[in-house]
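> Got a predicted structure here, sequence first:
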Amino acid sequence: MSASIGHSSTPLTRGVLLHINATKPAHSKPHFPFLFSVSYSIPNYLRASRRGAVASMSYDKQLAAAKKAASLAARLCQKVQTALLQSDVHSKSDKSPVTVADYGSQALVSFILEKELPSIPFSLVAEEDSEDLRKEESRETLHRITELVNETLASHGMGDISPLSDEDVLIAIDKGKSEGGPHGLHWVLDPIDGTKGFLRGDQYATALALLDEGKVVLGVLACPNLPLASIARRDQSISEDKAGCLFFAQVDAGTYMQSLDGSPPTKVHVSAIENPEEASFFESFEAAHSLHDLSSLIAKKLGVKAPPVRIDSQAKYGALSRGDGAIYLRFPHKGYREKIWDHAAGYMVVAEAGGVVTDAAGNPLDFSKGRYLDLDTGIIVTNQKLMPALLKAVQESIKEKSSSL
Ligand SMILES: Nc1ncnc2c1ncn2[C@@H]1O[C@H](COP(=O)(O)O)[C@@H](O)[C@H]1OP(=O)(O)O
Ligand SMILES: [Mg+2]
Ligand SMILES: [Mg+2]
Ligand SMILES: [Mg+2]
């Protein structure tokens, strides 16, 4: 049995089904510069919660630009999702709305970041590229995307910018082809994380992070359908709740949440729960994205009593960063390669809120290897108190289930 948190649809009945979304990563170096001998005794999961060499720098300007870009992209996505949900059943099974929102979001973020930070060399590692959009049959879709991007800019205080042409939009999208890596500054973007949730009318996120010398130094998660109030112990329809959260975090500066409408930010912290019996855990809504039976086994071994809360996208990381749940488990099917844009922003938001993100072996996530994450089996997220027991349960469960992984 599970719970799921959607936006538009189903009333939530206790013990029936909640669905939402989210994700995360980690840093590698222990931050004890004068105690080198101690570092060998620090468990990997604690190393994963500490900042790297670039910790003392400020990224305030980049953070302001990232918040602006992600918020506007979320507005664009909301507009498309609203139209999608109002349309008839046939078009709901059509992939094109999400295509328009994906490309539009990427073009908008790319354009705004470069415009807002003209003195900084621009490198963007992003999910989409313009190859399909340049085909003759995509001409109308491209016009629609350009129109949406221009409308969004004009209606959110950027009307002084000359409207973008179709070619400008294609160029902005293709700026996302950077390979990232261990040197320099690289933006990392998932323009819509959780496309399945987007199409269902449920959770999705625009996820934007910045890498400096291979380390994540800031993260922004715009989650248009995530309720502002906690989704823990939810037992009635969420459609009554106000939704639309913007999470943001900068290295060594904590994690904050505000409404997408622009309420003052409040500092958030991961759950302080130490007893697994009181913990609840998040996982993908989509069984194709994560092994639900493995998560169930882990939860059982740990002694978790609550049913899983199933959510699409990196909204899971956002919800975890404010303590709505204590654990996030992600075990993709064999052969799936995780991309950095699916975890970089969520990682930062959780790590700065006091949480820990590792792979299934307890190693920090390494964002310096290019577009993919190179990791052992899965990703696990929780607070520092629960991590040792969680790691043990994960490793025992994987051993038991190893034939099916
Ligand atoms: N087969 C798959 N296994 C795991 N994750 C997937 C798979 N296919 C797509 N994804 C990506 O997983 C993330 C969503 O996972 P979830 O919502 O279950 O947490 C998204 O980034 C989604 O891509 P996309 O960004 O295109 O939606
Ligand atoms: Mg994604
Ligand atoms: Mg995506
Ligand atoms: Mg995708």
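Cool, got the structure. Numbers count the residues shown, from 1 in each chain. Ligands and ions are numbered 1, 2, ... in the order given.

> Which strands or helices does the host helix or strand of Asp190 pack on?
Following DSSP states H and E, one finds Asp190 within strand 185-193. Applying 3 or more CB pairs under 8 Å, 6 or more residues apart in numbering; DSSP states H and E, one finds that strand 185-193 makes contact with helix 60-86, helix 96-116, strand 124-126, strand 205-212, helix 344-352. To be clear about C-beta, it is placed using only N, CA and C from the backbone, and glycine gets the same treatment.

> Would you tell me which of these gets closest to ligand 3?
Set against ligand 3 and scored by CB to the ion, those come closest in helix 96-116, at 6.3 Å.

> Give the buried residues for that closest one.
97-115 (16 or more other CB atoms under 10 Å).

> Tell me the gap between it and the middle of its chain.
16 Å (CA atoms, centre = their mean, to the nearest Å).

> Kindly report the same for stretch 159-175.
Mean C-alpha position of stretch 159-175 versus that of the full chain (CA atoms, centre = their mean) differs by 25 Å.

> List the neighbouring strands of the strand holding Asp190 plus their orientation.
Partner strands for strand 185-193, per DSSP bridges, with pairing direction: strand 124-126 (parallel), strand 205-212 (antiparallel).

> Convert that strand to CSV, retaining C-alpha atoms only.
Provided in CSV are the C-alpha atoms of strand 185-193 (Å, rounded to 0.1, in the frame of the first residue of the first chain):
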residue,chain,number,x,y,z
LEU,A,185,31.5,26.8,-14.0
HIS,A,186,28.7,24.8,-15.5
TRP,A,187,24.9,25.2,-15.2
VAL,A,188,23.0,22.0,-15.0
LEU,A,189,19.3,22.0,-16.0
ASP,A,190,16.4,19.6,-16.2
PRO,A,191,13.7,21.9,-17.8
ILE,A,192,10.9,19.6,-16.7
ASP,A,193,11.9,16.8,-14.4
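
> Number the chain from 590, please
New numbering, starting at 590: the last item is strand 774-782.

> what angle sits between that strand and helix 685-705?
Counting by axes from the mean of the first three to the mean of the last three CA atoms, to 10 degrees, strand 774-782 points 150 degrees away from the direction of helix 685-705.

> Could you check strand 774-782 against ligand 2 for contacts?
Yes: Strand 774-782 reaches ligand 2 (CB under 5 Å from the ion) through 779, 782.

> pLDDT of that strand, averaged?
Here strand 774-782 scores 98 as its mean pLDDT.

> got the angle between that strand and helix 649-675?
Strand 774-782 and helix 649-675 meet at an angle of 20 degrees, taking the same axes, to 10 degrees as the criterion.

> does any bit of strand 774-782 sit next to ligand 3?
Yes: using CB under 5 Å from the ion, strand 774-782 reaches ligand 3 at 779, 781-782.

> Of those residues - the most surrounded one?
Neighbour tally across the residues of strand 774-782 next to ligand 3 (other CB atoms under 10 Å): the maximum, 33 neighbours, falls on Asp779.

> Looking at the stretch 690-839 of the chain, what residue ends up closest to ligand 2?
Relative to ligand 2, the nearest point of the stretch 690-839 of the chain is Asp782 (3.7 Å; CB to the ion).

> May I ask you to confirm that that residue is in contact with Asp931?
Yes: applying CB atoms under 8 Å as the test, Asp782 and Asp931 come out as touching, 6.3 Å apart.

> Burial check on Pro750, number of neighbours?
Not Pro; residue 750 is Ile. With other CB under 10 Å as criterion, Ile750 counts 12.

> Now do the same contact list for it.
Contacts for Ile750 (CB atoms under 8 Å, 6 or more residues apart in numbering) come out as 704, 742.

> which phi and psi does it have?
phi -80, psi 140 (degrees, to the nearest 10).

> What of the one 10 residues further on?
Dihedral pair for Ile760: phi -70, psi -40, per degrees, to the nearest 10.

> Enumerate the residues of the protein near ligand 1.
Contact residues, the chain versus ligand 1 (CB under 6 Å from any ligand atom): 610, 779, 782-784, 786, 873, 875, 877-878, 901-902, 921, 925, 931.

> Mind pulling up the pLDDT for the spatially closest residue to Cys666 that is not a sequence neighbour?
In space, and not counting its chain neighbours, Cys666 is closest to Ala690: 4.7 Å by CB to CB, 6 or more residues apart in numbering. At Ala690, the pLDDT value in this model is 94.

> Over to Asn972?
Among the per-residue scores, Asn972 shows a pLDDT of 98.

> would you list every one of the helices in the chain?
625-628, 633-636, 649-675, 678-681, 685-705, 728-743, 755-763, 784-789, 881-891, 904-910, 933-941, 976-990 (DSSP state H).

> which intervals of the stretch 640-789 of the chain have sub-threshold pLDDT?
For the stretch 640-789 of the chain, applying pLDDT under 70 flags the ranges 640-645, 677-686.

> cutoff 90 now
Judged by pLDDT under 90, the stretch 640-789 of the chain has its weakly predicted residues at 640-646, 670-688, 745-750, 788-789.
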